[in-house]
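Asker: Please find the sequence and the predicted model below.
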Amino acid sequence: MASERSGGAGPDPRRVHDLDTFARELGLLLARASTGSRSPQVTLADLTRRIGLPRATIHNYITGNTLAPADVLDQIVVALSAPPEEQREWSEAWFRVSAYRQAERRQRLTRREVSPGQANKSVTDLFHERLKRTASRTMDICAISAQNLDLVHQIELIAPDHEERIAEALERPGGSGSNTTLALARLNIRTAIVGAIADDRYGRLLLADLTAAGVDTSLLITVVDPGSTGHTLVFTDGDGRRLIYVLAGVNELMSREFSKQNMSANLIRLVHQARILHLSSFTGAAERELQEKLVGSIDSDTILSFNPGALYARLGADRLSQILTRTNVLFIYEQQLDELLSKSSAGVGDRAATVSDKMARLYDWRNRRGSNEPMAVAVKRPVDLVRGRAQDYLAIGYGRTSLEHFAGPDTGTRRYYILDSTGAGDALAAGFLLGLLKYSTPHECANLAFVMALSASSGLGARVALPHGNELAERWRLHLPDVTAPAWLINDEERPCVL
């Protein structure tokens, strides 16, 4: 086999990347078997009899008119006398071709013609139109998220080779998407959460907290198998820095449990009832693949919101392509955006690049993959906030195939005190999405994101300081005293607070 491959005359499944190369190499495999270079000789007629499928079907598989099912390909390469090592390579080749074809289909679906009327509208206007068309749906936001109880340690300094005494950890409910849905539920937005917990104390605490806030937990499934509810060790200091270590627990069983408990159809129904689908990261590949399948099932009016976090960002944009090319609102820290781009075909950019430069690279990367979905990118820089550069804390870009508009909140240069930055990004996402649901302007959406992030940062844990009901108007005046609040927020303040 080595001599065949080095000369390029024999079949080599490692060269396969698409259906054309697949057919070429499979044809070489058949030619090798039928000419007797490997014994016994096998012809197409012999192959038809051995596999038990019509000759025309086998011919379509060999010539690349149709991609053979994985199990049929296994039978074909065995019948054509491929040795065990080569059989594994053919199996890997099949998965590459399958992934390539799925990417092609996604590009055809994503690259829709943009009418002149749509092209002249802002990204925010397009979002508002979608939300108006989906106003009759039963759920505003459905989030698919890991469920974690945060064990929070507040310390003086996060630094290498640093040692200090710590107190007992504070137990605080968490999980990125859950934090966002709970923050919105407290503000009377209809929310649902999808995830997995164990039947243990941590799981019951998480369930009780979400239920008390009014989040729909009908698809927060309990895993019966041995295993614990996910939890994290969180270390946070007064400069906005934090370290998070995750013990995933039954979060990595979520995808399996939906199939095992025959809940997949219920999950699809719930996702299709939502006006906004919000995704955050998992540690397991099966959960990410489930998210990708759900993204592929939503209609064009559903807004897709994505908070990849550090776990997904380190995979790089290419591996997240199915989600990113459909994403309408992306929430990401600047260092995560750097990693997302550098570990992808976008490549490592200029070290001195501005945030807008990085956003532009992301839009260009999406455009090269055929996406013209309208997208807002909210980039967070938490350390700038406590250094007195609040105007640089949050930058938001808008565009379709390129970066069209760049904005941020209306903040000054005052220094803001951060007690704990855990969950600030999740609250920020809640503020921005709240603005979209209220048909707010881009600046109002940015300001709401800023106010919610500051609110979350004023307490220990992701949720303890989140506002309820009409408290949001008070938080706006506290954090943005010189900025006029949206009319709907002032009107909401006059209504009774529902806790």
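Answerer: Perfect, I can see it now.

Asker: Can you tell me the SS state at Y398?
Answerer: strand (DSSP: H, G, I helix; E, B strand; the rest coil).

Asker: Sketch out the low-pLDDT regions of this structure for me.
Answerer: 1-8, 36-40, 95, 98-119, 238-240, 382-392, 411-417, 420, 492-499 (pLDDT under 70).

Asker: For it, just list every one of the strands.
Answerer: For the chain, the strands defined by DSSP state E occupy 139-144, 148-154, 170-174, 191-198, 216-223, 230-236, 242-247, 274-280, 303-307, 329-333, 375-380, 394-399, 403-407.

Asker: CA atoms only for the fifth one, dumped as PDB, please.
Answerer: I take that to be strand 216-223. Output of strand 216-223 as PDB, limited to C-alpha atoms (Å, rounded to 0.1, in the frame of the first residue of the first chain):
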ATOM      1  CA  ASP A 216     -40.300  27.400  32.200                       C
ATOM      2  CA  THR A 217     -38.400  24.400  33.500                       C
ATOM      3  CA  SER A 218     -40.400  21.700  31.800                       C
ATOM      4  CA  LEU A 219     -37.300  20.600  29.800                       C
ATOM      5  CA  LEU A 220     -34.800  20.900  32.600                       C
ATOM      6  CA  ILE A 221     -34.500  17.200  32.800                       C
ATOM      7  CA  THR A 222     -33.400  15.200  35.800                       C
ATOM      8  CA  VAL A 223     -30.800  12.500  35.000                       C
END
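
Asker: returning to that earlier point: switch the strands of the chain over to a markdown table; also include distance to G459 and mean neighbour count.
Answerer: For glycine as for every other residue, the C-beta is placed from the backbone atoms N, C-alpha and C. Formatted as a markdown table, the strands of the chain follow (distance: least, C-beta to C-beta, whole Å; neighbours: other C-beta atoms under 10 Å):
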| stretch | distance to G459 | mean neighbour count |
| --- | --- | --- |
| strand 139-144 | 21 | 25 |
| strand 148-154 | 10 | 23 |
| strand 170-174 | 9 | 21 |
| strand 191-198 | 21 | 27 |
| strand 216-223 | 23 | 20 |
| strand 230-236 | 11 | 22 |
| strand 242-247 | 14 | 15 |
| strand 274-280 | 21 | 26 |
| strand 303-307 | 20 | 24 |
| strand 329-333 | 20 | 24 |
| strand 375-380 | 18 | 24 |
| strand 394-399 | 20 | 24 |
| strand 403-407 | 28 | 16 |
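
Asker: Skip the chain neighbours and tell me the closest residue to L19.
Answerer: G64 (5.0 Å; C-beta to C-beta, 6 or more residues apart in numbering).

Asker: A135 now?
Answerer: Closest to A135 by C-beta to C-beta, 6+ apart is R275, at 7.5 Å.

Asker: ok so, going back, confirm for me that the residue nearest to L19 is in contact with E25.
Answerer: No - at 9.9 Å, G64 does not count as touching E25 under the criterion of C-beta atoms under 8 Å.

Asker: show me the contacts for the nearest residue to D209 once chain neighbours are set aside.
Answerer: In this structure, D209 finds its nearest non-sequential neighbour in P173, 4.3 Å apart by C-beta to C-beta, 6+ apart. Applying C-beta atoms under 8 Å, 6 or more residues apart in numbering, we find P173 in contact with L149, D150, L182, L205, L206, D209, L210, G461, A462, R463.

Asker: ditto for A198
Answerer: By C-beta under 8 Å, 6+ apart, the neighbours of A198 are T222, V223, G227, S228, T229, G249, V250.

Asker: Show me which of these is closest to S259.
Answerer: V223 (12.5 Å; C-beta to C-beta).

Asker: measure the residue lying closest to that closest one once chain neighbours are set aside to S356 for me?
Answerer: For V223, ignoring the flanking residues on the chain, the nearest one in space by C-beta to C-beta, 6+ apart is V250 at 4.1 Å. From V250 across to S356, the span is 41 Å (C-beta to C-beta, to the nearest Å).

Asker: Just want to know which of the two has more residues nearby.
Answerer: For V250 versus S356, the count of surrounding residues by other C-beta atoms under 10 Å is larger for V250: 27 against 14.

Asker: wait, isn't the more buried one in contact with A196?
Answerer: Yes - contact criterion C-beta under 8 Å: V250 and A196 qualify, at 5.0 Å.

Asker: shared neighbours, the two?
Answerer: Common neighbours of V250 and A196 (C-beta under 8 Å, 6+ apart) are V223, E257.

Asker: what's near enough to touch L207?
Answerer: I197, T217, L220.

Asker: Would you check how far apart the last one and M254 are?
Answerer: What that stands for is L220. Taken as C-beta to C-beta, the span from L220 to M254 is 10 Å.

Asker: can you list residues touching both of those two?
Answerer: Common neighbours of L220 and M254, counting by C-beta under 8 Å, 6+ apart, are G195, A196.

Asker: Compare the strands of the chain and give me the one nearest E85.
Answerer: strand 242-247 (37.0 Å).

Asker: what's that closest one packed up against?
Answerer: strand 230-236 (3 or more C-beta pairs under 8 Å, 6 or more residues apart in numbering; DSSP states H and E).

Asker: run the last query once more with 10 Å
Answerer: Under the contact definition 3 or more C-beta pairs under 10 Å, 6 or more residues apart in numbering; DSSP states H and E, strand 242-247 sits against strand 148-154, strand 230-236, helix 309-313.

Asker: out of the ones you listed, nearest to N470?
Answerer: Closest among the helices and strands packed on strand 242-247, once you apply C-beta to C-beta, is strand 148-154, at 27.5 Å.

Asker: could you give the angle of the closest one to strand 170-174?
Answerer: Counting by axes from the mean of the first three to the mean of the last three C-alpha atoms, to 10 degrees, strand 148-154 lies at 140 degrees to strand 170-174.

Asker: partners of strand 148-154 in the sheet?
Answerer: Strand pairing for strand 148-154, determined by DSSP bridges: strand 170-174 (antiparallel), strand 230-236 (parallel).

Asker: roughly how far is it from the heart of the chain?
Answerer: Per C-alpha atoms, centre = their mean, to the nearest Å, the displacement of strand 148-154 from the mean C-alpha position of its chain is 23 Å.

Asker: so that strand versus strand 191-198, what angle?
Answerer: Going by the same axes, to 10 degrees, strand 148-154 makes 90 degrees with strand 191-198.

Asker: send the alpha carbons of strand 148-154 over as CSV?
Answerer: Provided in CSV are the C-alpha atoms of strand 148-154 (Å, rounded to 0.1, in the frame of the first residue of the first chain):
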residue,chain,number,x,y,z
ASN,A,148,-24.0,24.7,37.2
LEU,A,149,-24.0,25.7,40.9
ASP,A,150,-21.2,28.2,41.3
LEU,A,151,-19.0,27.9,44.4
VAL,A,152,-17.7,31.5,44.6
HIS,A,153,-14.5,32.6,46.4
GLN,A,154,-13.9,36.3,46.5
